[in-house]
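Colleague: dropping the sequence and predicted coords here.
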Amino acid sequence: MGELFAIAIGTVFINNFVLSQFLGICPFIGVSKKLDSVLGMGLAVIFVMTLSSMVTFFIYHSILVPFNLTYLKIIFFIIIIAALVQLVEIILKKQFPFLYNALGIYLPLITTNCAVLGVALINISKDYNFLNSVLSGFFGGISFLVALFLMSTIREKLEMANIPKAFKGIPIAFITAGLMALAFTAADKSILELFK
Amino acid sequence: MLTTIINILIGIGVLTGLGLVIGFGLSVASKVFMVEIDPIEENIFNALPGANCGACGYPGCSGYAVALAKDNSIPINLCSPGGKTTLDKLAAILSRDGVIGEHMVAKVCCLGDDAIAKKDFIFNGEDDCFTVYSFYKGEKSCKYGCVGKGSCIKVCPVNAINRDPLNRVWIDSNLCIGCEKCVTVCPPKVIKMFPLNGGHFVACSSHDNSKTVKENCKKGCIGCKICEKATDNPDRIVVTDNLAIINYNNPADLHTAAIKCPANVIVPIKTQKNFMIEILNKQKPT
């Protein structure tokens, strides 16, 4: 139980995918303009990350390790995840049109996203077992949602602020992201001590 | 050496196999889970103008197409950008009759610009109507008038809204498709809809008394009732609460009233462009 808790706190706050590991910056800047689109994007990322950590776990341990092909893991994972998301999209469109309308436009955006690939590679480098991999994927998605939510609320306020013309839009968003990342460095392993 | 080659071949083989399996699997899946698109829906979508303006009240043209294909009770005359041509096409596809509504265009009911409208203060912040309007309902002393920061320009899908150098905002009737986006976005609600063939409109929204209007703006309706008398019909223009309101169901001539208006705020709807250029040229020398 303590280990699962450590994974949850660790991936959401200490090793936040966007603000500490700088993965998935593209959708982080692209989709954080409006609060409305954040929830759809965040849920899509949680969904894909959880699913891809499950699948890549099996692929890695049942195909790559026995055949001594671990050096091919990056290209393998890219193809598997992209195909998987494509398949999920096709199935959602047919069986759950409602869910497709909510997540559909965001799914192709994250097929080859580095945060999704990152979670698969991190799971392997940390030698997680199946349950821990799935949890790490799930909380990885949550960490993305948290960062996206914080960023979008700030950016909606920034729209109203009087910013020099050269900094309007993306530049001020990057500066904000940098400051947020600085703030997140305050969260280190000492947080976990508090809960012990 | 041999083992290296074998390793390379294994890598190539595995990846090719993976590609084949996934490609084949996906193509099978797309066949199995194919979603059939209603041909009627597709036809309707092609008949719509594709402006995605939302004037019909549905999310974009595809939303309206889906709704029309599903429900027979939805009126087919909701698309104001498409007008008569779209209505005819839709009537042919769905074999239903529909009467075209009058072509409405949006108009800014205010002529006050930086030169003729008095200002209480100058706002040195962002060029946004909502921001400015949140401070004492805008810079102008007249609290009914256009804020002049052009938030409507940003939402207009066809770029029909212009802003003069003196921050007077006006809408070109030839370009306006009547989607009413600017009407909803305008904070003082100074943009209103008028029938394109209605002749003239009153380009002022102030309900202040004549003294205040004269102090605040050189182009304001002071409620003098000259226009009421200039039309033959007593019902055509009615001054209520210090503001002249035109009744568009009455066909009486408006031209005399427009000429006689002392403040010159009765403006032609169709040819507002010429009118605006004229007053802009008049102001230039001063």
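Modeller: Arrived safely, thanks for sending.

Colleague: kindly report the residues of chain B close to chain A.
Modeller: Counting by Cβ under 8 Å from any Cβ of the partner chain, chain B comes close to chain A at B:10-11, B:14-15, B:18-19, B:22, B:25-26, B:29-30, B:33-35, B:125-126, B:128, B:131. From N, CA and C alone the C-beta is placed, and that goes for glycine too.

Colleague: how about 7 Å then?
Modeller: Within chain B, the positions lying close to chain A (Cβ under 7 Å from any Cβ of the partner chain) are B:11, B:14-15, B:18, B:22, B:26, B:29-30, B:33, B:35, B:125-126, B:131.

Colleague: how about the nearest residue to B:Y58, chain neighbours excluded?
Modeller: Spatial nearest neighbour of B:Y58, chain neighbours left out: B:Y64 (4.2 Å); criterion: Cβ to Cβ, 6 or more residues apart in numbering or on different chains.

Colleague: quick check: residues of chain A near chain B?
Modeller: So chain A meets chain B at A:69, A:72, A:75, A:79, A:83, A:86-87, A:90-91, A:93-94, A:160, A:162 (Cβ under 7 Å from any Cβ).

Colleague: what's the helix or strand for the residue nearest to A:F138 when sequence neighbours are not counted?
Modeller: Residue nearest to A:F138 in three dimensions, not counting chain neighbours: A:T50, with 4.7 Å by Cβ to Cβ, 6+ apart. A:T50 belongs to helix A:35-59 when assigned by DSSP states H and E.

Colleague: got it, and B:A106?
Modeller: Using DSSP H and E, B:A106 falls within strand B:104-108.

Colleague: name the helices or strands packed onto that strand?
Modeller: When contacts are defined as 3 or more Cβ pairs under 7 Å, 6 or more residues apart in numbering or on different chains; DSSP states H and E, strand B:104-108 sits against strand B:169-171, strand B:191-195.

Colleague: who touches the nearest residue to A:I142 once chain neighbours are set aside in this structure?
Modeller: Closest residue in space to A:I142, ignoring its immediate chain neighbours: A:V12 at 5.6 Å, by Cβ to Cβ, 6+ apart. Residues in contact with A:V12 (Cβ atoms under 7 Å, 6 or more residues apart in numbering or on different chains) are A:F139, A:I142, A:S143, A:V146.

Colleague: could you give the angle of the helix of greatest length in chain A to helix A:35-59?
Modeller: Longest helix in chain A by number of residues (criterion: DSSP state H): helix A:130-160. Relative orientation of helix A:130-160 and helix A:35-59, computed by axes from the mean of the first three to the mean of the last three Cα atoms, to 10 degrees: 160 degrees.

Colleague: ok and the helix or strand just after helix A:130-160 relative to helix A:130-160, angle-wise?
Modeller: Next in sequence after helix A:130-160, counting helices and strands by DSSP H and E, comes helix A:170-184. Helix A:170-184 runs at 130 degrees relative to helix A:130-160, counting by the same axes, to 10 degrees.

Colleague: next helix or strand past helix A:170-184?
Modeller: helix A:190-194.

Colleague: just checking, what packs against that next one?
Modeller: Counting contacts by 3+ Cβ pairs under 7 Å, 6+ apart, helix A:190-194 is packed against helix A:2-9.

Colleague: if we can go back for a sec, what does the strand holding B:A106 contact?
Modeller: So strand B:104-108 is in contact with B:80, B:146, B:169-171, B:173, B:176, B:178, B:180, B:182-183, B:190-196, B:201, B:269, going by Cβ under 7 Å, 6+ apart.

Colleague: what's the following helix or strand after it?
Modeller: Next in sequence after strand B:104-108, counting helices and strands by DSSP H and E, comes helix B:129-133.

Colleague: ok, back up a step: so which of the residues of chain B next to chain A sit within helices?
Modeller: Cross-referencing the residues of chain B next to chain A against helices under DSSP H gives B:G11, B:V14, B:L15, B:L18, B:I22, B:L26, B:A29, B:S30, B:T131.

Colleague: neighbours of the residue nearest to the fourth one when sequence neighbours are not counted, how many?
Modeller: Counting by Cβ to Cβ, 6+ apart, A:I79 is the residue found nearest to B:L18 once chain neighbours are left out, at 6.1 Å. Look at A:I79: counted by other Cβ atoms under 10 Å in any protein chain shown, it has 17 neighbours.

Colleague: quick check on A:I79: phi, psi?
Modeller: A:I79 adopts backbone torsions of phi -60, psi -50, taken as degrees, to the nearest 10.

Colleague: isn't it up against B:V21?
Modeller: No - counting by Cβ atoms under 7 Å, A:I79 stays clear of B:V21, with 10.1 Å between them.

Colleague: any idea how many residues pack against the residue of chain B found nearest chain A?
Modeller: Sorted by distance to chain A under Cβ to the nearest Cβ, the residues of chain B start with B:F33, at 3.9 Å. Per other Cβ under 10 Å, the neighbour tally for B:F33 reads 15.

Colleague: do I have it right that it meets A:V88?
Modeller: No - using Cβ under 7 Å, B:F33 makes no contact with A:V88, being 10.7 Å away.

Colleague: now, which of the ones in helices among the residues of chain B next to chain A sits nearest B:I161?
Modeller: B:T131 (18.4 Å; Cβ to Cβ).

Colleague: ok, that closest one to B:S151 distance?
Modeller: 9 Å (Cβ to Cβ, to the nearest Å).

Colleague: before we move on, what about A:L4?
Modeller: 50 Å.

Colleague: contact partners of stretch A:65-75?
Modeller: With contact meaning Cβ under 7 Å, 6+ apart, stretch A:65-75 is reached by A:Y60, A:L64, A:I124, B:G11, B:V14, B:L15.
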